[in-house]
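Asks: Here's a sequence, model it:
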Amino acid sequence: MRKLIWLLIVIFPLDLSAQTAEILIKNGKIIDGTGNAWFYGDVAVVNNKIVAIGHLSHWKSTNTIDATGMVVAPGFIDVHTHIEGEEARNPTSDNFIFDGVTTVITGNCGLSKVDIGQYFRWLDSLHLSINVASLIGHNDIRKAVMGTARRDPTEAEMQKMVAITQKAMEDGAVGLSTGLIYIPGTYAATNEVVALAKVAAAYRSVYATHMRDEGDSVVPAIQEALHIGTAAGLPVEISHFKLSGQQNWGRSKETLGLIKNARNKGIDVTIDQYPYTASSTNLGTLLPGWVLADGKDSINTRLNNPVIRTQLIAYMLKRLHKRKLKHFSYPVVANYAFDTSYNGKSIETVNLLKGQKHTAKAEAETVLEMMQHGGAGMVFHGMGEADVQYIMQYPFCMFGCDAGIRVFGEGVPHPRGYGSNAKILGKYVRDEQLFSLEQAIRRMTSLPAQKFHLQNRGLLLPGYAADIIVFNPNTVIDKATYDKPHQYSEGFQYVIVNGALTLSNGKHTGIRNGVTLKNSASLL
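Replies: This next block holds a predicted model:
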């Protein structure tokens, strides 16, 4: 015990003479990310690190933040993003910073850069305002080796996929992701995914999955995800846990029960969620996977075949009937490059604007025509609020916006890219009181850092990276809506990324001090 006390004195000397911080946050309500109760105190930052927390009356700084009436917390870690392709277009990452996010995990849903090492080097040269960790995506691994072929890999192809996965792990990927609803991931058998997950497991990483189905067949999809994690020997993260389709509303007790039972059996499984009743993905998900195999020419050949076209219309109408809907009112265009005037309008409305009959069949034809012109990004309204709230209250549910770096004013994207965290804190914590502020912040900070092995992140502790946010718990709120999504969240006053003041008095400073974060196992 004496030796321990001596070590603590050496590491944190009891010198109460004036000490100088680069940034000193005073008088805040500190919520440290552990889930423990808040307490009043101060935080000192030096050399990109938190160096002291407590009543720091003996500290001084030329950059002092008065946090009276505000919460001081670790910067949020968004576990489910897709920033690839937008980094250079908006490196200040405003939509994330204004929502309290200091770190994102990208490469989800099987979609990532294939050469993670090269990607990290490029990000480090570009300098974003946020930190970035990345998964390696199975879809892009498969595409690099097999294109969009609808078949099993040969032994040689499988070895190439293993090699890509291993290199990504060595370069610091935090796990393997799958998008088993997307092309070409949907063509992969379970054993193919297990083989690649075993490679990831050797690096103490995570298996993050967009499951094969989030609607009628959600139960076997969950069971497959759990099997892959168990067979490969690595933790499981189920992405954007939801129930799609009106016919599935109310099943969240059943699906979340599978997660609880798995954890009770010792399976390391967690989930994440965005706090909205609409999803967002591409228009092609309305069609069966086999139609989208083998590239653009093959797809158009099938779409131009009258027999196949009739089959596809029947397929879409059957799915619409299952949803208990008469029209394709639930899919709304987010971004249609061929004709941007469609942006923000439902397929039902687009069909009417084209002068077509007001029938579901005509609307299905409109979908096929849009696919022939390159497809579109869509927002799909199809979840029940009661299920969203029930899933949200699960202690091992984290939060992710499932979005990228927004280019302000471009398209009519899902509002989740602007307001996910603020909506949790404002609507569901403060107004609905579904769970405590301390628990919400734990699931936005230390739980993601633990799950994805992000060292020295996710907590307010001396020696940890100075990723810190200061916000007003009484005013924090999302402003983005489905009709007007390009609106930043309000209530976040200060955001510090690696010791640099990136948001000050509610305004972005333009500082880009983010770094790439690598899986700690790859650094051993």
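Asks: Show me the shaky parts of the stretch 401-524 of the chain.
Replies: Applying pLDDT under 70 to the stretch 401-524 of the chain flags residues 521-524.
Asks: Helices along the stretch 1-150 of the chain, start to end?
Replies: In the stretch 1-150 of the chain, the helices defined using DSSP state H, counting those that start in this stretch lie at 2-11, 94-97, 116-126, 138-146.
Asks: Which among those helices is found nearest to Tyr428?
Replies: Nearest to Tyr428 among the helices of the stretch 1-150 of the chain is helix 94-97 (19.6 Å), distances taken as CB to CB. Quick note: C-beta positions are derived from backbone N, CA and C, even for glycine.
Asks: Can I get the closest one as CSV, trimmed to CA atoms?
Replies: Once non-C-alpha atoms are left out, helix 94-97 reads as follows in CSV (Å, rounded to 0.1, in the frame of the first residue of the first chain):
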residue,chain,number,x,y,z
ASP,A,94,-19.2,20.2,-39.2
ASN,A,95,-22.2,17.9,-38.8
PHE,A,96,-20.3,15.7,-36.4
ILE,A,97,-18.6,18.4,-34.4
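Asks: Summarise which helices and strands that helix is packed against.
Replies: Judged by 3 or more CB pairs under 8 Å, 6 or more residues apart in numbering; DSSP states H and E, helix 94-97 is in contact with strand 492-497.
Asks: what does the strand it packs on rub up against?
Replies: Here strand 492-497 makes contact (CB atoms under 8 Å, 6 or more residues apart in numbering) with 23, 25, 45, 65, 67, 70, 75, 97-100, 102, 129-131, 422, 466-472, 476, 501-506, 511, 513-514.
Asks: related to what we said a few turns ago, can you put the helices of the stretch 1-150 of the chain in CSV and add mean neighbour count?
Replies: As requested, those are exported to CSV (neighbours: other CB atoms under 10 Å):
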stretch, mean neighbour count
helix 2-11, 9
helix 94-97, 26
helix 116-126, 17
helix 138-146, 22
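Asks: Any chance of the ones you listed in TSV with mean pLDDT and distance to Tyr336 as columns?
Replies: Shown next, in TSV, are the helices of the stretch 1-150 of the chain (pLDDT from 0 to 100; distance: least, CB to CB, whole Å):
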stretch	mean pLDDT	distance to Tyr336
helix 2-11	42	58
helix 94-97	98	21
helix 116-126	98	28
helix 138-146	98	23
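Asks: Gly185 is nearest to which of these?
Replies: Of all those, it is helix 138-146 that lies closest to Gly185, at 4.4 Å by CB to CB.
Asks: what's the residue closest to the geometric middle of the protein?
Replies: Nearest residue to the geometric centre of the chain (CA atoms, centre = their mean): His80, 1.4 Å.
Asks: before we move on, the earlier item: tell me which of the helices of the stretch 1-150 of the chain lies nearest to His227.
Replies: With CB to CB as the criterion, His227 lies closest to helix 138-146 of the helices of the stretch 1-150 of the chain, at 15.6 Å.
Asks: Buried residues, whichever helix or strand comes after the closest one. List them.
Replies: The helix or strand immediately downstream of helix 138-146 is helix 155-170, counting by DSSP states H and E. Residues 157-158, 160-162, 164-169 are the ones in helix 155-170 that count as buried (16 or more other CB atoms under 10 Å).
Asks: ok, so of those, who is nearest Phe120?
Replies: Once CB to CB is applied, the member of those that ends up nearest Phe120 is Ala168, at 10.4 Å.
Asks: Quick check, pLDDT for the closest one.
Replies: As predicted, Ala168 sits at a pLDDT of 98.
Asks: Counting neighbours, what do you get for the closest residue to it other than its chain neighbours?
Replies: Distances taken as CB to CB, 6 or more residues apart in numbering place Ile136 nearest to Ala168, at 3.7 Å, with adjacent residues excluded. Using other CB atoms under 10 Å, Ile136 has 31 other residues around it.
Asks: For burial, what's the neighbour tally of Glu224?
Replies: Neighbour count for Glu224, taken as other CB under 10 Å: 19.
Asks: so Arg302 makes contact with Thr310?
Replies: No: using CB atoms under 8 Å, Arg302 is not in contact with Thr310, being 11.9 Å away.
Asks: Which one of these two is surrounded by more residues?
Replies: Taking other CB under 10 Å, Arg302 and Thr310 do not tie; Arg302 has more neighbours (19 against 10).
Asks: wait, what's in contact with that one?
Replies: Contact analysis of Arg302 by CB under 8 Å, 6+ apart lists 291, 308.
Asks: Over to the residue lying closest to Leu292 once chain neighbours are set aside: give its phi and psi.
Replies: Closest residue to Leu292 apart from its sequence neighbours, by CB to CB, 6+ apart: Ile183 at 4.6 Å. Phi and psi for Ile183, reported as degrees, to the nearest 10, are phi -80, psi 130.
Asks: any idea how far Asn456 is from Ile183?
Replies: Distance of Ile183 to Asn456, given as CB to CB, to the nearest Å: 38 Å.
Asks: who's more crowded, those two?
Replies: A side-by-side neighbour count of Ile183 and Asn456, using other CB under 10 Å, places Ile183 first with 24 against 15.
Asks: coming back round to it: distance check, the residue nearest to Leu292 against Tyr390.
Replies: 32 Å.
Asks: now Val219
Replies: Val219 is 16 Å from Tyr390, by CB to CB.
Asks: So for the two, which residue has more residues nearby?
Replies: Using other CB under 10 Å, the more surrounded residue of Val219 and Tyr390 is Tyr390, with 17 against 13.
Asks: does the more buried one really touch Gly250, like I thought?
Replies: No: taking CB under 8 Å as the definition, Tyr390 is not a contact partner of Gly250, at 9.4 Å.
Asks: Burial check on Ala337, number of neighbours?
Replies: Neighbours of Ala337 under the rule other CB under 10 Å: 12.
Asks: check contacts around Leu501.
Replies: Residues in contact with Leu501 (CB under 8 Å, 6+ apart) are 23, 63, 494-495, 509, 511.
Asks: Low-confidence bits of the stretch 251-400 of the chain, can you list those?
Replies: Ranges of the stretch 251-400 of the chain meeting pLDDT under 70: none found.
Asks: contacting residues for the residue nearest to Leu292?
Replies: Contacts for Ile183 were tallied using CB under 8 Å, 6+ apart; they are 139, 148, 284, 289, 292-293.
Asks: 7 Å instead, please
Replies: 148, 289, 292-293 (CB atoms under 7 Å, 6 or more residues apart in numbering).
Asks: And Ala314, by the same measure?
Replies: Taking CB under 7 Å, 6+ apart as the definition, Ala314 has no contacts.
Asks: Doesn't it belong to a helix?
Replies: Yes: according to DSSP: H, G, I helix; E, B strand; the rest coil, the state of Ala314 is that of a helix.
Asks: Distance check, the closest residue to Thr20 other than its chain neighbours against Ile23.
Replies: Nearest residue to Thr20 in three dimensions, chain neighbours excluded: Lys60, at 5.8 Å (CB to CB, 6+ apart). Separation of Lys60 from Ile23 (CB to CB): 12 Å.
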